[in-house]
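Novice: Give me the fold of what follows.
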Amino acid sequence: MTQTNSDASASSPRIARPNRTRRARRRVSVVAGFVVFAGLVAFVRPAGPIAASPAFGSTSRAMTMAATASAPAPFPGLDSLRGFSRKLRARFLAPQRAAAVPVLREYFGDSAATRAGVYAADDSAGAFHFITMRPFADKVKGRIGSYRIGFFPAEQRGARGGSYGNPEGFLEVTANNADTPISEHFRLRDFLTKDQGTVWPKYLVLREPLIDKLELVLSELQQMGVAASRLRVMSGFRTPQYNAQGVGAGGRVQDSRHQYGDAADVYVVNGARDWMTDLNRDGRVDTGDARLLAAAAARVEQRHPELVGGIGVYPATGAHGPFVHIDVRGTRARWGQL
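Specialist: Just a heads-up that it's a prediction; the model follows:
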């Protein structure tokens, strides 16, 4: 087991091999552990697409605990947390929910439920991370520490609806944990606001259903016969203070979904150049390629209506190539040159 946070990372001492009596007790503990973990799976799911994740995993998995940072703890039931794509590698836990889940303390110690950090687990499908957030209340006068966040729309006026309320908390991203894989193709740093480059730790709002949808879009392109090796996130989470800088005619909207961690502007990158790829192979990079990417996102929504949201196509400018906005706001929205 490992914990990564702004202050320290630690590993647990090796657990000795149990004798026969202790092994018998351990088998009882395994069964109990699965019951407790089943509660965790149900408890930590957001009220969105992940609630429809595949069923709880097999109870035949080993639960022996690891001893070093290079060998995270084998953990039961992670299949149920890997999303529709089967490629998620992280679960984000708001403090008020994490504190009520005994399994976190059982496997990762008391600090896992109360202290922001990354807690590594493992099963036969590979590494998985439970990430405990900083509570929303830790934002004081628009900041957490030296990191400027600003004020969310619901703090300044009445929220438009449930999906426009204040986030539950913030992922604390440090220079040490920024490269933590949160899915097969994405890391924490991919979704950070593009400012305050030298300020650490940074704070991030992000929802697992968005990551799941992006992984599915990439797979959908490949199933469509389109060469697509990775999705580049041009803009992920935007702090309210950063989003406000671009609000205005032809710019960002005040209630942008990017502030809620469920939206990303993306394009396909094949090769070394950080630019949209010629997906339709017509010899040009233009909105035709973005429309193909948007079509893949629409097909994902047809297969997984739990991931419905906004899809918008944007043309190239002098600063960037064409891209597509994808979100999981919970209602269908379309705009741009679709």
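
Novice: where along the stretch 51-200 of the chain do the strands fall?
Specialist: For the stretch 51-200 of the chain, the strands defined by DSSP state E, counting those that start in this stretch cover 73-74, 90-93, 117-123, 126-132, 134-135, 143-144, 147-148, 169-173.

Novice: closest one to residue 292 among those strands?
Specialist: strand 90-93 (28.7 Å; Cβ to Cβ). All C-beta atoms are positioned from the backbone trio N, CA, C, and that covers glycine.

Novice: Now mean neighbour count too, for the strands of the stretch 51-200 of the chain, in JSON lines please.
Specialist: JSON lines is the format used below for the strands of the stretch 51-200 of the chain (neighbours: other Cβ atoms under 10 Å):
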{"stretch": "strand 73-74", "mean neighbour count": "18"}
{"stretch": "strand 90-93", "mean neighbour count": "25"}
{"stretch": "strand 117-123", "mean neighbour count": "23"}
{"stretch": "strand 126-132", "mean neighbour count": "22"}
{"stretch": "strand 134-135", "mean neighbour count": "18"}
{"stretch": "strand 143-144", "mean neighbour count": "16"}
{"stretch": "strand 147-148", "mean neighbour count": "19"}
{"stretch": "strand 169-173", "mean neighbour count": "26"}
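
Novice: which one of those strands lies closest to residue 196?
Specialist: strand 147-148 (6.3 Å).

Novice: Identify all contacting residues around that closest one.
Specialist: Outside strand 147-148, the residues within contact range by Cβ atoms under 8 Å, 6 or more residues apart in numbering are 142, 196, 199, 201-203, 239, 241.

Novice: Any of the residues you listed buried? List them.
Specialist: Burial by neighbour count, judged by 16 or more other Cβ atoms under 10 Å, picks out 196, 201-203, 239, 241 from those.

Novice: Mind picking the two most distant members of those?
Specialist: Pairwise distances across those peak at 16.6 Å for 201 and 241 (criterion: Cβ to Cβ).

Novice: can you give me the helices for the stretch 51-200 of the chain?
Specialist: Taking DSSP state H, counting those that start in this stretch as the test, the helices found in the stretch 51-200 of the chain are 95-98, 102-108, 111-114, 153-156.

Novice: List the contacts of residue 185.
Specialist: Here residue 185 is in contact with 87, 214-215, 218, 230-231 (Cβ under 8 Å, 6+ apart).

Novice: so how many other residues sit close to residue 275?
Specialist: 17 (other Cβ atoms under 10 Å).

Novice: Number of residues surrounding the residue lying closest to residue 89 once chain neighbours are set aside?
Specialist: Excluding its sequence neighbours, the residue lying closest to residue 89 (Cβ to Cβ, 6 or more residues apart in numbering) is residue 181, at 4.9 Å. Residue 181 has 17 neighbouring residues, counting by other Cβ under 10 Å.

Novice: low-scoring stretches of this protein, by residue?
Specialist: 1-74, 159, 248-250 (pLDDT under 70).

Novice: One more pass at 90, please.
Specialist: 1-80, 95-114, 121-126, 156-163, 246-255, 271-273, 337-338 (pLDDT under 90).

Novice: Spatially central residue for it, please.
Specialist: residue 208 (4.0 Å; Cα atoms, centre = their mean).

Novice: coming back round to it: take the contacts of residue 185 and write them to a markdown table, including neighbour count and distance to residue 110.
Specialist: Output for these, formatted as a markdown table (neighbours: other Cβ atoms under 10 Å; distance: Cβ to Cβ, whole Å):
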| residue | neighbour count | distance to residue 110 |
| --- | --- | --- |
| 87 | 21 | 31 |
| 214 | 26 | 34 |
| 215 | 23 | 33 |
| 218 | 26 | 38 |
| 230 | 13 | 38 |
| 231 | 22 | 38 |
